[in-house]
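>>> Okay, sequence plus prediction incoming.
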Amino acid sequence: RRLKRVERIAIFMRREGMLLTVIAAGLVVFLVGLGSTPLFDYDEATYADVAVKLVNGVAPDALTFWRYDASGTLVAWFEKPPLALWLQAGSMAIFGVNEFAVRLPSALFGVGCAIFVYLIGRRLSGEVAGTAAAFAFLTVPFFVRWAREGRLDSTVVFFMLLAFWWWLDWDRSRWRRYALWAALGFGFLAKSAVVAFVPVTIAFALFIW
C-alpha cells in the first residue's frame with residue numbers, strides 16, 4: 001500500500017511538475033522577506049488597524065470593524081468589504097500582531113493567482129502558454145508589490161480568476177455553475193463590485209463566439 005502511494009505521488013509529480021514549479025516560484029516571490037519592512041502607506045496601515053482591533057478585543061462587535069475618529073471616539077468603519085480584513089485578523093490571531101501576519105493572506109492569494117493564471121493558460125492554449133503566462137504574471141511589478149502588502153487586491157483577483165476557471169468547465173456539471181457564482185460572491189466580499197468585470201468579459205466572449 002505504501003509503495004502504491006509513493007508511485008501515485010511520483011506520477012503526480014511527473015505530470016504536474018510545472019504546476020509545482022509555479023507554486024514554488026510563487027512562494028519565493030510573494031513570501032520571502034514578507035515582514036521585513038514596516039507597513040507601507042495609509043491603506044495598508046488602515047486595514048491593519050481595523051483588523052488588529054478584532055484581535056486585541058478593542059472592537060465591541062466581532063463582525064464589524066472599528067476605528068478611532070479625530071476626537072478619539074471608537075466608531076464603526078464600513079469603507080471596505082470584510083473578507084480580506086477578517087483573514088488579516090485571523091492571521092494576526094495565529095502569528096501575532098506583526099507585518100508578516102498582516103501581509104500573509106494577501107501574499108498567499110498572490111500565489112493562488114499565479115496558480116490559476118497557469119491553469120487557465122494551460123487549459124486554453126497548452127502547457128507552454130500556461131507556463132509563460134504564469135511566469136510573466138510573477139514579474140508584474142505593481143501586482144507583486146501589492147500582493148506583498150496587506151491590501152485587498154490579490155484576494156479579489158484570486159476569486160475572479162477562480163470564477164473564470166469554473167466558467168471554462170461550465171457545461172460539465174451544474175455544481176460548477178454554482179461554484180462560479182460562489183467565487184464571484186467571495187470576490188464581492190473582498191473588494192465589492194469590481195468582480196462584475198468577470199461576467200461582463202464572459203458575456204462579451206460569448207457574444208463574439
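Perfect, thanks for sending it. Numbering: from 1, shown residues only.

>>> So which elements touch the longest helix belonging to the chain?
Longest helix in the chain, counting residues (DSSP state H): helix 99-125. Secondary-structure packing of helix 99-125 (3 or more CB pairs under 8 Å, 6 or more residues apart in numbering; DSSP states H and E): helix 17-31, helix 42-55, helix 83-95, helix 127-137, helix 141-147, helix 153-168. Just so you know, the C-beta spots here come from the backbone N, C-alpha and C atoms, and that holds for glycine as well.

>>> So for that helix, what gets flagged as buried?
Buried residues in helix 99-125, counted by 16 or more other CB atoms under 10 Å: 99-122.

>>> That one - what's its average pLDDT?
Here helix 99-125 scores 96 as its mean pLDDT.

>>> re earlier: which one, of the helices and strands packed on helix 99-125, ends up nearest to T73?
Between T73 and those, the tightest spacing by CB to CB is seen for helix 42-55, at 13.6 Å.

>>> now that closest one: mean pLDDT?
93.

>>> residues of it that come out buried?
44, 46-55.

>>> now it, how far from the chain's geometric center?
Here helix 42-55 shows a centroid-to-chain-centroid distance of 18 Å under the convention CA atoms, centre = their mean, to the nearest Å.

>>> can you check stretch 194-205 too?
On CA atoms, centre = their mean, the centre of stretch 194-205 falls 19 Å from that of its chain.

>>> same question, stretch 146-161
Counting by CA atoms, centre = their mean, stretch 146-161 comes out at 5 Å from the chain centroid.

>>> and the end-to-end length of it?
The first and final residues of stretch 146-161 sit 17 Å from each other (CA to CA, to the nearest Å).

>>> what residues does that stretch touch?
Where contact means CB atoms under 8 Å, 6 or more residues apart in numbering, the residues beyond stretch 146-161 that reach it are 30, 34, 39-40, 43-44, 47-48, 80-81, 83-85, 87-88, 99, 102-103, 105-107, 109-110, 112-113, 116-117, 120, 143, 183-184, 186-187, 190-191, 194-195, 197-198.

>>> Point out where this protein drops to low pLDDT.
1-4, 7, 9-12 (pLDDT under 70).

>>> In terms of helix, strand or coil, where does the closest residue to A45 other than its chain neighbours fall?
Of all residues not flanking A45 in the chain, L39 sits nearest, at 4.6 Å (CB to CB, 6 or more residues apart in numbering). Put simply, L39 is coil when judged by DSSP: H, G, I helix; E, B strand; the rest coil.
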